[in-house]
Structure formats: C-alpha cells, structure tokens
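Student: Mind looking at a prediction? Sequence and model below.
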Amino acid sequence: MAGSGKGTCTAYISEKYGVPLIHFGNMVYEEVQRRGLDNVRDEKFVREDMRKQEGPAVLAVHVARKATEALANGANGAVLDGLYSWSEYKYLRSVFGDKLIVIAVAAPRAERYRRVIARKDSHRTYTAAEQIEERDIAEIEGLEKGGPIAFADYTIVNAGTPEDLLKQLDATLQEIGFSQ
C-alpha cells in the first residue's frame with residue numbers, strides 16, 4: 001500500500017545487487033507520453049483505459065517483457081515495483097513460476113498516511129488521510145490489491161526507521177538466497 005516503504009526496498013535491492021528496477025507505474029507514464037497527454041492529469045484515465053483495452057494484467061505483461069529482456073541480457077534477476085492486482089500476480093506467476101518471489105512491505109496505516117502526506121511526489125499530492133484512505137479502498141476493491149499481499153512469499157513490517165527496514169530486507173534476501 002502507499003507509504004509502506006516498497007519504493008525504498010526496491011531501490012535498495014536494485015542498487016545493492018545491480019539488478020534492473022522495473023516500475024509498473026512507468027508502463028502507464030510511457031503510454032501517457034505516447035498518447036501526448038499530461039502525466040498528472042491523465043495518468044488515471046490512461047491506466048484504466050489500458051486495463052479496459054488490454055485486460056487487467058496489462059501492466060504485468062509489459063513488466064514481464066522488460067524483465068525477460070533484462071534476464072536474457074545477463075541480469076541476475078530484476079526488481080519489479082508496484083505489483084497491485086491479483087490478475088497481475090497470476091500473470092507473473094504464469095510467466096516466471098517459482099522464480100517469482102514476492103516480498104510484501106506492510107506498515108501501520110497511520111504511519112503510511114503520515115509518510116505519504118510528508119513526501120514530495122511528482123505525480124500525486126495528498127494533504128489528508130481521508131484522501132489516502134480513498135485510494136487504499138479503491139485499490140483494494142477495484143484492483144484486488146490484497147491478493148498479492150496475502151500471497152506474498154515474505155512479509156516485512158516497516159514500523160521503524162528506514163535503516164530498520166533495510167536490515168529486515170537484508171535478512172529476508174539472505175533467507176531467499178539472493179546474492180550479487
């Protein structure tokens with residue numbers, strides 16, 4: 001969910017282990033630009049239109065293609081940031097099988113809301129917890145976002161400092177056997 005710390009984790013893995021970082025959301029922004037539209041104003045419309053035109057797993061299809069290309073070019077894995085829906089999860093599982101490892105990053109709701117309000121995001125600005133709650137509900141109900149979180153192979157609870165989060169992530173990666 002927004003503000004959980006997943007972006008911190010994916011950036012860290014990509015940098016520390018030298019693997020490509022592939023954002024689901026970038027697939028939408030690339031399409032917004034291809035259509036000559038505005039990233040802020042038109043992002044939601046384009047995302048929904050992509051799903052309507054190409055199916056609910058459309059972003060996972062694009063992400064899987066980029067990850068497959070990276071692996072074919074010698075990458076030792078790829079970090080996928082922004083797995084939101086059950087359809088996306090099922091598609092990625094069908095492509096990558098047991099090689100797909102999902103790490104859910106969770107945080108207490110009040111802490112997530114505080115983080116989201118405090119951060120500077122170039123695409124969205126939230127000023128109240130109610131706005132983030134609306135987003136949470138829309139993602140849970142509309143995208144079935146809970147499925148990938150519930151089915152995650154590992155879960156990290158981010159209730160402390162960024163340093164605490166990264167220590168938990170390192171321990172999880174060690175348990176998985178992920179190395180450089």
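Tutor: Ah, there it is.

Student: what comes into contact with the host helix or strand of residue 163?
Tutor: For residue 163, the host element (DSSP states H and E) is helix 162-176. For helix 162-176, the external contacting residues (CB atoms under 8 Å, 6 or more residues apart in numbering) are 5, 8-9, 12-13, 101, 103, 105, 153-154, 156-158. Every C-beta, even on glycine, is put in place using the N, C-alpha and C of the backbone.

Student: repeat that for 6 Å
Tutor: With CB atoms under 6 Å, 6 or more residues apart in numbering as the test, helix 162-176 has contacts from 5, 8-9, 12, 101, 154, 156, 158.

Student: Likewise for stretch 116-129?
Tutor: Residues outside stretch 116-129 that contact it (CB under 6 Å, 6+ apart): 2-3, 40, 113, 132.

Student: which residues sit in contact with the most centrally placed residue in the chain?
Tutor: With distances taken as CA atoms, centre = their mean, residue 82 lies nearest the centre of the chain, 1.4 Å away. Applying CB under 6 Å, 6+ apart, one finds that residue 82 lies in contact with 23-25.

Student: least confident pick among those?
Tutor: Within the set of the contacts of residue 82, pLDDT is lowest for residue 25 (87).

Student: tally of neighbours for that residue?
Tutor: Residue 25 has 14 neighbours, counted by other CB atoms under 10 Å.

Student: How about residue 103?
Tutor: Count around residue 103 with other CB under 10 Å applied: 19.

Student: who's it bridged to?
Tutor: residue 154 (DSSP bridges).

Student: That one reaches residue 157, doesn't it?
Tutor: No. In this structure, residue 103 is not within contact of residue 157 by CB atoms under 6 Å, at 11.7 Å.

Student: For stretch 87-103, give the mean pLDDT please.
Tutor: Stretch 87-103 comes out at a mean pLDDT of 97.

Student: before we move on, the earlier item: please report phi then psi for the residue nearest to the centre of the chain.
Tutor: For residue 82, the backbone dihedrals (degrees, to the nearest 10) come out as phi 110, psi 30.

Student: picking that back up, kindly indicate the member of the contacts of stretch 116-129 with the most neighbours.
Tutor: Neighbour-wise, these (other CB under 10 Å) top out at residue 3, 24 neighbours.

Student: Quick check: which element contains that one?
Tutor: Going by DSSP H and E, residue 3 is not in any helix or strand.

Student: any idea how far residue 85 is from the nearest residue to it once chain neighbours are set aside?
Tutor: Taking CB to CB, 6 or more residues apart in numbering, and ignoring the residues beside it in sequence, residue 3 has residue 112 as its nearest neighbour in space, at 3.3 Å. Distance from residue 112 to residue 85, counting by CB to CB, to the nearest Å: 19 Å.

Student: Give me the three-state assignment for the closest residue in space to residue 76 that isn't next to it in sequence.
Tutor: Distances taken as CB to CB, 6+ apart place residue 19 nearest to residue 76, at 5.9 Å, with adjacent residues excluded. Classification of residue 19 by DSSP: H, G, I helix; E, B strand; the rest coil places it in coil.
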